[in-house]
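Colleague: from the sequence below, what's the structure:
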Amino acid sequence: MRAPHCAFLATRPTLVACLLALLLLCAPILSQTPAQTPTPTDPPVITVHMLNGKSGKPLGNRFIAVEFQNSPQKSMLYINKQGIGDLEIPPGATAFSLIAPAKKLGANQAAYIVCGPFGQLIPVQDVLQHGFVPQNECSSTLHLTAAPGELLYLITPLPWYTPALE
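Modeller: Below you'll find the model as predicted:
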């Protein structure tokens with residue numbers, strides 16, 4: 001019978017040692033995560049709470065118009081039945097104003113009275129950093145606060161006897 005080949009037995013530990021050394025040398029390279037391409041930042045979002053300026057109760061299922069300063073974009077913001085809507089701020093916009101909902105979609109007459117300065121420009125950064133509660137001219141007893149990123153939009157429904165201009 002023939003004796004085992006000594007060259008094969010001698011190279012096997014050497015081969016294992018070489019593979020182990022190669023693995024240890026390549027480990028830092030293999031453990032690095034691939035470079036991620038930068039993604040554009042998401043536009044800021046402001047949470048708008050539409051409330052009755054006299055009672056503080058939410059008013060909802062309405063659209064309000066939004067106009068932005070330093071941006072040609074205009075928007076219709078849907079306020080859900082809980083009185084909340086998320087307003088996405090377009091790039092370059094520094095301030096915005098809200099316009100009260102109309103009696104009917106597309107009608108020009110507002111169904112609500114704004115409880116603060118009409119057409120007030122609201123600075124985006126103030127809302128994002130501190131929250132914003134406008135001056136409430138509909139009630140002196142209602143005291144509300146807003147968290148950063150929140151805006152309270154205070155309005156009061158027009159009396160039922162106010163004629164509709166159609």
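Colleague: which parts of the protein are strands?
Modeller: Listed in chain order, the strands of the chain (DSSP state E) span 45-52, 62-69, 74-79, 84-88, 95-99, 112-114, 122-123, 150-157.
Colleague: kindly compare burial across those and name the winner.
Modeller: Highest mean neighbour count of the strands of the chain: strand 150-157, a mean of 22 (counted as mean count of other C-beta atoms under 10 Å). In short, each C-beta sits where N, CA and C put it, glycine included.
Colleague: could you figure out how far that one is turned away from strand 74-79?
Modeller: 80 degrees (axes from the mean of the first three to the mean of the last three C-alpha atoms, to 10 degrees).
Colleague: which residues touch strand 150-157?
Modeller: 46-54, 59, 64, 87, 98, 100-101, 111-116, 122, 127, 131-134, 136, 138, 144, 146 (C-beta atoms under 8 Å, 6 or more residues apart in numbering).
Colleague: can we see that at 6 Å?
Modeller: By C-beta atoms under 6 Å, 6 or more residues apart in numbering, the residues outside strand 150-157 that reach it are 46-51, 53-54, 98, 100, 112-115, 127, 131-133, 136, 138, 144, 146.
Colleague: next one: stretch 89-103
Modeller: 43-44, 62, 64-71, 73, 109-112, 114, 119, 121-124, 153, 155, 164.
Colleague: same thing but 7 Å
Modeller: 43-44, 46, 62-71, 73, 108-112, 114, 119-124, 153, 155, 164 (C-beta atoms under 7 Å, 6 or more residues apart in numbering).
Colleague: can you verify my assumption that residue 120 contacts residue 134?
Modeller: Yes: at 6.4 Å, residue 120 and residue 134 qualify as touching, with contact defined as C-beta atoms under 7 Å.
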